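Asks: requesting a structural model of the entry that follows:
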Amino acid sequence: MVDIAKYTPINGGTLISDFKSHFTIHRTKKTITIAYGFVFIFIAFTIFLAFSPSSNSSSPWFTNIFTSNPNSTNSPSIFTDQSYRSHFSSILYYFFPNSSQTHNSGSQNAAFSPPNLRTESSPVLNNHTKNETLTPKVEVLNPNLNNTVKTQTQNKQMNDKNEVLKQNQTQSVDFHDKNEVLKPNQTQSVDFHDKNEVLKANQSTIGVTNAPKPANETANSWPKIGVANGEKGLVKNLTSSPTKKKQSNSSSSTNGGDVVKQGFDDVIKSLMNCDLFDGNWISDESYPLYKPGSCSLIDEQFNCFLNGRPDNGYYKLKWKPKGCSLPRLNGSHMLELLRGKRLVFVGDSLNRNMWESLICILRNSVKDQKKVYEEFGRHHFRTEASYSFVFEDYKCTVEFFVAPFLVQEWETADKNGKKKETLRLDIIGRSADKYKNADIIVFNTGHWWTHEKTSTGKDYYQEGSHVYSELNVVEAFRKALTTWGRWVDAHVNPMKSLVFFRGYSASHFSGGQWNSGGQCDHETEPIKNDTYLSQYPPKMTVLERVMKGMKTRVTYLNVTRLTDYRKDGHPSIYRKQHYSDEEKKSPLRFQDCSHWCLPGVPDSWNEILYAELLVKLNQKQQQRRP
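Replies: Prediction:
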């Protein structure tokens, strides 16, 4: 009794103390510590198993306890399983990982398959690996966690912000949140319910968007431009001259679309209210639009770089109108404007100069340049009557038809019965029927009217069967352009085609003409003093009067003044690599001071053409709207 009383509490015992008193094996402190530690470890291990994500999709035990409604898309609970997979794993799976609860098929997997999960076999879908992001705010799960859904394509709703879909996925997604970014190379079926969603490069989207675009526009319908055509970065390119960047074929639907559209509208408005031909040449290190020597399509006659011209200032200049900023020519965007269409240049070798420039610019923006080729396999462009470059991916062509006078060169018999060359001022050129239905036609003529036959006008000009013994060249020019204008009004559909006329391109022969020792090889800078510019050509005044009398609206690309500044831009002695024996004796006597080096001045003509197309196509869109 004394021993018992010795261990009895003074204030009476408790349940625990009584328990300890009857089980003396637990009296030591060491034993008590071990017991408590075991209990703590057991509880912690149980909690860990309960709340750890599981890669086993067939273990619904904890899910059923913690998940209120697996089909709910509105619950913010972290336990919601929107893809019908368990977030948790059963205890048995951790101890028996190789049991019937495997990653792939199984009876439980079949029992818990979601009703909308695709089960059909597809050779395309089977090559995709699904790396889903399910937790809020850009939480990316380890790609190895979701092995249970390899080779499957799932329909999933994403309720969290800034979730990132990994590359090479095929998904059917409802976007309920803002600022979700889709990575490259995805094919998606999407309902766009929110703003600020940006589709990255090379995506093909199928679904309902806030700014829908027709899937397949007809060849005779002009595409929407600017924001509506999916060029989100277009406004930046229109208002500045950045270094060249590869353009992505992307589509966007953003709450900033109004701002971008407003910016685009401002650019179009500034171009509409601007004289694009009144300006100056300024230095711009981001030019040229294609690397010198990189375009194998340039004729030797224009390829000053490969012909050994040592200076480079002639292709580092940009034309800057005084009243606005000229858009930098975006080759990818222009090809989108030309998709399914024909752009045709008609005229003399100066238009060939412009045509080759545009071919090089557009080809430079195409990823697979093997899909850009001359329709008949030609590699030289000075001998045939017509050429056509095909841009296969865009189903469009950029063509050139040789017609130096626009009207027809002819032959007639003289008094002695011998044939002599004449120019039929009353008949349009022979190739006219081949390009009358083109979507865009750019005409020019001018330089051949300065040659000896045309400038003297003796026994050369013909109308009907009458050959003029002598006719002033300006009057002959007016008759020829009148014939051209009447043909355009009668045969070109203004509802389908856009018609342009590029004006006279200035020459800079010093000390003689093109065939009499004229030179320009020493010129390396443009004219900076307007007093040294030439007078406006009388033939271009005639052209303006003819165009005013036409029913068809013709856009005049008046490049005369801007070319007059550029005495430095001609091939001069750098027009070929190998000279004949006669040319080697006096190389300075054989110079080209009328055509232009490429890269060079004609690139700016095409930038002006691009700006005019933006304006004209925008006007067509406005006219189509009710």
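Asks: hey, let's count contacts and neighbours off CA atoms from now on
Replies: Noted.
Asks: list the contacts for the residue lying closest to Asp348 once chain neighbours are set aside?
Replies: Leaving aside its sequence neighbours, Asp348 sits nearest to Pro404 (Cα to Cα, 6 or more residues apart in numbering; 4.0 Å). Listed by Cα atoms under 8 Å, 6 or more residues apart in numbering, the contact set of Pro404 reads 347-349, 444-446, 448.
Asks: whichever of the residues you listed end up buried, select them in ChimeraX.
Replies: This is how ChimeraX selects the buried members of the contacts of Pro404, with burial counted by 16 or more other Cα atoms under 10 Å:
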select :347,348,349,444,445,446
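Asks: coming back round to it: what's the residue nearest to Asp348 sitting at in phi/psi?
Replies: With angles defined as degrees, to the nearest 10, Pro404 sits at phi -60, psi -20.
Asks: related to what we said a few turns ago, let's have the contacts of Pro404 in a markdown table, adding distance to Pro537 and pLDDT.
Replies: Output for the contacts of Pro404, formatted as a markdown table (distance: Cα to Cα, whole Å; pLDDT from 0 to 100):
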| residue | distance to Pro537 | pLDDT |
| --- | --- | --- |
| Gly347 | 18 | 97 |
| Asp348 | 17 | 97 |
| Ser349 | 19 | 96 |
| Asn444 | 14 | 98 |
| Thr445 | 13 | 97 |
| Gly446 | 10 | 94 |
| Trp448 | 14 | 94 |
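Asks: closest one of the contacts of Pro404 to Ile428?
Replies: Gly347 (11.9 Å; Cα to Cα).
Asks: Ile298 in helix, strand or coil?
Replies: coil (DSSP: H, G, I helix; E, B strand; the rest coil).
Asks: how close does it sit to Val398?
Replies: For Ile298, the distance to Val398 equals 15 Å [Cα to Cα, to the nearest Å].
Asks: likewise Val390?
Replies: Taken as Cα to Cα, the span from Val390 to Val398 is 7 Å.
Asks: with Ile41 instead?
Replies: From Ile41 across to Val398, the span is 77 Å (Cα to Cα).
Asks: same deal with Tyr565?
Replies: To Val398, Tyr565 is 28 Å away according to Cα to Cα.
Asks: when Ile41 and Val398 are compared, which one has more neighbours?
Replies: Val398 (22 against 11; other Cα atoms under 10 Å).
Asks: secondary structure element for that one?
Replies: Using DSSP states H and E, Val398 sits in strand 396-402.
Asks: just the CA atoms of that strand, as PDB, please.
Replies: The C-alpha coordinates for strand 396-402 follow below in PDB (Å, rounded to 0.1, in the frame of the first residue of the first chain):
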ATOM      1  CA  CYS A 396      -1.200  33.900-107.300                       C
ATOM      2  CA  THR A 397       1.000  35.100-110.200                       C
ATOM      3  CA  VAL A 398       3.100  38.200-110.800                       C
ATOM      4  CA  GLU A 399       3.500  38.700-114.600                       C
ATOM      5  CA  PHE A 400       5.100  40.900-117.100                       C
ATOM      6  CA  PHE A 401       4.000  41.600-120.700                       C
ATOM      7  CA  VAL A 402       6.400  43.400-123.000                       C
END
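Asks: any weak-confidence spans in this protein?
Replies: For the chain, the stretches with pLDDT under 70 are 1-29, 50-262, 512-517, 584-585, 587-588, 626.
Asks: leaving out chain neighbours, which residue sits closest to Lys419?
Replies: Nearest in space to Lys419, with sequence neighbours left out and distances taken as Cα to Cα, 6+ apart, is Ala413 at 4.3 Å.
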